[in-house]
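1. predicted model, plus sequence, below.
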Amino acid sequence: MRTPAGSGTVPSVPGQRAGSVRPPAAAERLGPVHWWHAALVAVPAAALFVLGYRRRWICDDGLIYLRPVRQILAGNGPVFNVGERAESSTGTLWQWLLALATWVTGEDPAFLAVGLGLVLSTAGFGLALYATCRLHRSAGLLLPGGVCVLLAVPPFWSYMTSGLESGLGAFWTGLSWWLLTGTRRGQDARVTYAAALVFGLGPLVRPDLAVVTGCFLAAQWWVLRPSGRGTAAMLGSAGALPLAYEVFRAGYYGILVPLPAIAKEASASDWSRGAGYVQETLGPYWLWPVVPVLGALAVLLVRRTRGQRRDRVPGRASLAVLLAPFAAGLLLAGYVVRVGGDYMHARMILPALLLLLLPVLVVPANRFTGAASALLVVWLCAAVSPLRTPFDVRSTPGSFNVRSSDVEGLGDHNPVRTATWVDNWPALPEGRRMLAEAARSPRPTLLYFDGERRLHATPMRADSPYHVVIVGRHLGVTGAAAPLDAYVNDAWGLASPIGAHLTLERWSWPGHEKFLRNHWVFAEWAADRPPARDLRRAGASQETVGAARAALGCGRLAELRESVRAPLTAERFWRNLTGAYQRTQFRFARWPAAAEQALCDGRSAGGRSGLTR
């Protein structure tokens, strides 16, 4: 129904309570657009693009995404190995975006991953800056604030590329913030539901971003205050794609989360290691001195927004909108600390840090914020000057500076192609030679590592579904070098359904705690009676291999193998779907004798085993 001119009311979103709130005129709502505000967006975004371009690279973990992309385009489905449904990609949307880009262009997916990451992250930072300018525009002149942190901290530049989902994550965060700051009562319903749809993509960008989805949806609801039907429509828009994919994941892969989440025990706790991980991010880049400054700016903005609510200032920034990224950032940071951080230096804490910076990327100008902004600019100049020693060490007690290690190992400051890795990774030339020999061999061959990380070959059983199986310690580059019809047996469980479900019995670098020992590899692939010389090299014995082989054929471990290797019929999909929760929880002992006893004597090894340090 049309609203009479001058009535003071506006059409509401379907399902939203008819309210009597008249949006202020555009000039009242947004304030004047100053050339300085445009510069606050354009200049930092351009600088970040240049900084990210100078540190462009793809890491071994980024290469892990590329083998499933190649498998998809070859018609084998979203798998790491042909004939085994394992979800090795944590970022679902990133995997499919790379597959689409590779299909359209025919370009090296590694090169595309670097280029897309750079473009998406730059766009995300630009959107975030624009959204914060819009949030505070009614205050008049704006000054740089948290954007100085983006310009001062090298990990932000490094993970603009890297081949991981980080660039897509920055873009989704910036886009979601832009949509949230534009939320107004009375807006078109299609805009509301489109924003909810974007917010809902968080778990598909990366599972832990579900907390951001929840906070942004809550803020959107608080601003709009829809009725029950409107709320249901918003939740339906947000949840449709994630829920549909979750059903596919459970039926196709047989578990509820990506395999790396099980390998890394994403529900475990190690608070002390996580606290150390945060310190190793904040300390080297001189971030501790700016934390109180940014905290004071955040408190000032919250008080200002609450004051506007009391004074009923037209076009006031919603307190819910302002608090949403703070809440999301704190929850995400808390989760990272709880799980013990990550083995890659700074990577996992950057999304939380970006969220905490969103409302204070730029700040309204007054005497206090002017002084704070000046301090931040001086700090930025000092942080990027020779006064601060570059943090390029290979490792720390709790994490690994992956970029420094990769650049040193490859002898290339900007490795952006698959061929750069395959041709130059120090441990790979021997592996490529042995892969070629195994491919020419008349009988199936297993390539495994001894205790000194030297690669050896041993015969496989004659009925093996693969002609070549190679153990992958560096999963990304091994997967890039191995043919698609070869089986890459991941030693760390990120792409191995067997290795991922080992019980966590030790704490080390996250993602490197469940090492699949050779007795399991031999049990699954080697000949019935492996040569004694190969057993000695592998650090195994005929007894341990026999026990492991028995365990693989018993109980829930046998059912786990069946869920990922049996032909995907409608019945298999349903059984996978209905058993996904129990399968996700299932763990078994890493030592073959203990696993055999628990699995083959009728005692279940299911459920989450206790963790020992």
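-> Thanks, I have it. Numbers count the residues shown, from 1 in each chain.
2. name the single longest helix found in the protein.
-> The residue-count maximum for a helix in the chain (DSSP state H) belongs to helix 109-136.
3. partners of the next helix or strand after it in the sheet?
-> Heading C-terminal from helix 109-136, the first helix or strand you meet, by DSSP states H and E, is strand 142-144. Note on strand 142-144: by DSSP bridges, its sheet partners are strand 362-364 (antiparallel).
4. show the average pLDDT along the partner strand.
-> Strand 362-364 shows a mean pLDDT of 95.
5. what residues of the helix or strand just after that strand count as buried?
-> Using DSSP H and E, the helix or strand that follows strand 362-364 towards the C-terminus is helix 367-383. Neighbour counts over helix 367-383 (16 or more other C-beta atoms under 10 Å) mark 369, 372-373, 376, 379-380, 383 as buried. Heads up, the C-betas are built off the backbone N, CA and C, glycines and all.
6. and the longest helix of the chain, what does it pack against?
-> Counting by 3 or more C-beta pairs under 8 Å, 6 or more residues apart in numbering; DSSP states H and E, the packing neighbours recorded for helix 109-136 are helix 35-54, helix 60-64, helix 66-73, helix 92-105, helix 166-181, strand 362-364, helix 418-424.
7. a markdown table for the ones you listed, including distance to P351 and mean neighbour count?
-> Shown next, in a markdown table, are these (distance: least, C-beta to C-beta, whole Å; neighbours: other C-beta atoms under 10 Å):
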| stretch | distance to P351 | mean neighbour count |
| --- | --- | --- |
| helix 35-54 | 16 | 16 |
| helix 60-64 | 16 | 24 |
| helix 66-73 | 22 | 21 |
| helix 92-105 | 14 | 19 |
| helix 166-181 | 6 | 26 |
| strand 362-364 | 20 | 24 |
| helix 418-424 | 26 | 18 |
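8. can you list the buried residues in stretch 101-118?
-> 101-102, 108-118.
9. ramachandran angles for V488?
-> Main-chain dihedrals, V488, degrees, to the nearest 10: phi -100, psi 110.
10. ok, and the closest non-adjacent residue to it?
-> G472 (4.6 Å; C-beta to C-beta, 6 or more residues apart in numbering).
11. correct me, but L40 touches L141?
-> No: with contact defined as C-beta atoms under 8 Å, L40 does not reach L141; the gap is 10.2 Å.
12. joint contacts of the two?
-> When C-beta atoms under 8 Å, 6 or more residues apart in numbering defines a contact, no residue borders L40 and L141 alike.
13. quick one: low-confidence parts of the stretch 501-613 of the chain?
-> In the predicted model, the stretch 501-613 of the chain carries pLDDT under 70 at residues 506-509, 511, 602-613.
14. so where do the helices sit in it?
-> Applying DSSP state H, counting those that start in this stretch to the stretch 501-613 of the chain gives helices spanning 518-525, 532-538, 542-552, 555-565, 570-578, 580-585, 592-600.
15. which outside residues touch the shortest one?
-> Spelled out, that is helix 580-585. 249-251, 254-257, 262, 556, 559-560, 563, 576, 606-608.
16. nearest to L502, of those?
-> Within those, the smallest distance to L502 is 9.5 Å, found for I262 (C-beta to C-beta).
17. that closest one: what secondary structure?
-> helix (DSSP: H, G, I helix; E, B strand; the rest coil).
18. burial count for the closest residue to it other than its chain neighbours?
-> Leaving out its chain neighbours, the residue that sits closest to I262 by C-beta to C-beta, 6+ apart is A500, at 4.4 Å. Using other C-beta atoms under 10 Å as the criterion, A500 is surrounded by 26 other residues.
19. please, which helix or strand holds L446?
-> Going by DSSP H and E, L446 is in strand 445-449.
20. then H456?
-> Counting by DSSP H and E, H456 is part of strand 455-459.
21. which helices and strands does the next helix or strand after that strand pack with?
-> Next in sequence after strand 455-459, counting helices and strands by DSSP H and E, comes strand 468-472. Here strand 468-472 touches helix 428-440, strand 445-449, helix 475-481, strand 487-490, helix 518-525, going by 3+ C-beta pairs under 8 Å, 6+ apart.
22. and the angle from strand 468-472 to helix 518-525?
-> Relative orientation of strand 468-472 versus helix 518-525 (axes from the mean of the first three to the mean of the last three C-alpha atoms, to 10 degrees): 160 degrees.
23. relative to strand 468-472, what are the paired strands and their orientations?
-> strand 445-449 (parallel), strand 487-490 (parallel).
24. in this structure E513 contacts L504, no?
-> Yes: with contacts counted by C-beta under 8 Å, E513 reaches L504, the gap being 5.8 Å.
25. okay, and the common contacts of these two?
-> E265.
26. pretty sure N81 sits against A495.
-> Yes: the pair N81 / A495 is scored as a contact, 7.3 Å apart, by C-beta under 8 Å.
27. overlap in contacts, those two.
-> By C-beta under 8 Å, 6+ apart, the residues touching both N81 and A495 are V488.
28. residues in contact with the residue nearest to V488?
-> 478-479, 482, 488-491, 495.
29. next, the angle from the longest helix of the chain to helix 92-105.
-> Using the same axes, to 10 degrees: helix 109-136 against helix 92-105 is 120 degrees.
30. got the phi and psi for the spatially most central residue of the chain?
-> Nearest to the geometric centre of the chain sits R206, at 4.4 Å (C-alpha atoms, centre = their mean). In terms of degrees, to the nearest 10, the main-chain angles of R206 are phi -160, psi 130.
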